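S.K.: Sequence and computational prediction follow.
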Amino acid sequence: MAHVAVSGTGWATGQAVASKFITLVATWVIARNLSSEEIAVATLAMTVTKFLCVLPPLNMGDLLIAHRRSLAWLQPLAVRISFRWGLGITIGSMLLAPLIARYYSNYPTLLLTALLMAAAMRPLAESMQVVPLTWLRLSFRNRSIAIVDGTVQLLAAIGTIVLAIAGAGPWAMIAPLIASFGMRALGYRMSAGDRARTDDDASRAHDPSAIARQLVQRRFMATGGAQYVHSLIDTMPLLVLGKLCSESETGLFGFSVILAAQANTIIAAQIAGVLQPVLGHLGQDPVRQTSGYLRAMRMLGAVAVPICLTQAAFSDTLFRVFVRGDLVAAAPVFAALSVAEAFYFASAPTMAMLRAQGRFGTFLGWQVVHLAAALVALPVAALWGGSIAVAITIAGLWSISLPMAVWVTTRSAGGSILASIRIFLAPWITGLPIAGTAWFGAAAVGSMGTLAQLTTLAIGAPACCILMLLATRLIQPDVFQEMMGIAQRMLSRVRRARA
């Protein structure tokens, strides 16, 4: 069954690639039409909203998957709890919006308040996704999830492009994003059908006791608390920069984060969404469960690291060609964050594994330790070197945190720290020499004009990534063979679809 976690995501990943392409176009339009200050206020609003979401409603889905045998009576209870938390967080965030806008006094107060109040709708919209998305995940209907996500992402990207060109400023980033959460809830519900609807008679027949309700509430708070700490880790850089540095520095970082994360959200999120239900089914066999997790991790690293290193190698050329104005200065920040993503790819599968194991306390402990280190390091980095120093610090933190987390996750099944480090080291050994050579080559072309730079991106970047993928055969021949098998299956499906 673990095989499904890797090879079963081929169609979903293809769908995600198509939708991400239009998202990249939207990001380019943002770079051409919004200033770094406008990007800063939009990303700050989204980040603060994430910070205020103390119990993300979508974590109820992880709890339902962990207790799938009790889904009949858990489902109506999950609907009530997640909706109440989502509504409460939305109302609380709206009430706090004016105070937060005054705290970040170097931003336009009325504009930031309005953006915060609009972004506060996200938790309520996410609470409506919980049950239908859980049913789709438990049924391994990854194609249905991919269709909904791809369609919504396409519509949101088109909305961003239209609003950015029309001069909507930061609203071009906020409005389509918030609308997309509501559209996802509707799409998941339509795909799940009757199974996602709460039957009142069944609800009364399986009415849980007060003790059971309290137990579910505590488990939800445990898994939600761990995810919230992870959200704090993600939001901390922008919150620190927004307070300690200029709007320009915050905007450079916010734009770089959006762009650098695109590749990993194509791959890691798709695999992690499938991986947790699969690993949950293998919960009675820890050895097979760990084997499936490590197999997916090696596969993911072999693909994600080359893509991220290619981003870093061609960052300067990319920004010179496609970005204008003060955002060109974000190129080194983007490069450093791309290096961070070459470690961060492991976060989603590792969190999925800990949830599947029911080790919410371990998940929380890992995130608390990482957050403590970030709270010390990030303010120092921001004051010392601004956005680039913060980006380098993030890369350093994840390069230590994630190998340790993989070891903790697999230790009970005989995993070693060396085996955990090898997951990251193997693709870096094959990829770094190629990426380094490409970086020097791209730098040499930098002074030759736009045509030479475009040619470098069109030919050099794909060639660099493909060479790194092919080099996997030298150190990880088993992973390479599996990659080729998945690629062949995806191509055969495309041919059948065209026939």
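M.R.: Thanks, I have it. Keep in mind the model is a prediction, meaning the values are calculated, not measured. Residues are numbered from 1 along each chain as shown.

S.K.: Within the helices and strands, which one has the nearest residue to residue 40 once chain neighbours are set aside?
M.R.: Nearest non-adjacent residue to residue 40, counting by Cβ to Cβ, 6 or more residues apart in numbering: residue 251, 3.6 Å away. Heads up, the C-betas are built off the backbone N, CA and C, glycines and all. Element membership for residue 251, per DSSP states H and E: helix 247-260.

S.K.: tell me which strands and helices that helix is in contact with?
M.R.: Here helix 247-260 touches helix 10-33, helix 36-52, helix 210-244, helix 331-344, helix 360-410, going by 3 or more Cβ pairs under 8 Å, 6 or more residues apart in numbering; DSSP states H and E.

S.K.: need those helices in a markdown table with mean neighbour count, mean pLDDT and distance to residue 128, can you?
M.R.: Formatted as a markdown table, the helices and strands packed on helix 247-260 follow (neighbours: other Cβ atoms under 10 Å; pLDDT from 0 to 100; distance: least, Cβ to Cβ, whole Å):
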| stretch | mean neighbour count | mean pLDDT | distance to residue 128 |
| --- | --- | --- | --- |
| helix 10-33 | 19 | 69 | 21 |
| helix 36-52 | 24 | 90 | 17 |
| helix 210-244 | 19 | 79 | 16 |
| helix 331-344 | 25 | 94 | 29 |
| helix 360-410 | 19 | 93 | 24 |
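
S.K.: So which of these is nearest residue 116?
M.R.: Of all the helices and strands packed on helix 247-260, helix 36-52 sits nearest to residue 116, with 5.2 Å by Cβ to Cβ.

S.K.: so after that closest one, what's the next helix or strand?
M.R.: helix 59-66.

S.K.: Which strands and helices lie in contact with the following helix or strand past that next one?
M.R.: Going down the chain from helix 59-66, the next helix or strand is helix 71-103, by DSSP H and E. For helix 71-103, the elements it packs on are helix 36-52, helix 59-66, helix 109-119, helix 122-127, helix 130-138, helix 200-205, helix 210-244, judged by 3+ Cβ pairs under 8 Å, 6+ apart.

S.K.: now the ones you listed in TSV, with distance to residue 157?
M.R.: As requested, the helices and strands packed on helix 71-103 are exported to TSV (distance: least, Cβ to Cβ, whole Å):
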stretch	distance to residue 157
helix 36-52	15
helix 59-66	25
helix 109-119	18
helix 122-127	18
helix 130-138	21
helix 200-205	39
helix 210-244	22
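
S.K.: Which one of these lies nearest to residue 29?
M.R.: helix 36-52 (12.1 Å).

S.K.: between that closest one and helix 210-244, how many degrees?
M.R.: Following axes from the mean of the first three to the mean of the last three Cα atoms, to 10 degrees, one obtains 150 degrees for the angle between helix 36-52 and helix 210-244.

S.K.: Distance from helix 36-52 to the middle of the chain?
M.R.: Mean-position distance between helix 36-52 and its chain equals 17 Å (Cα atoms, centre = their mean, to the nearest Å).

S.K.: by how many degrees do it and helix 247-260 diverge?
M.R.: Using the same axes, to 10 degrees: helix 36-52 against helix 247-260 is 70 degrees.

S.K.: So for stretch 172-189, mean pLDDT?
M.R.: Stretch 172-189 shows a mean pLDDT of 92.

S.K.: Which of the residues in it are classified as buried?
M.R.: Buried positions in stretch 172-189, judged by neighbour count with 16 or more other Cβ atoms under 10 Å: 172-185, 187-189.
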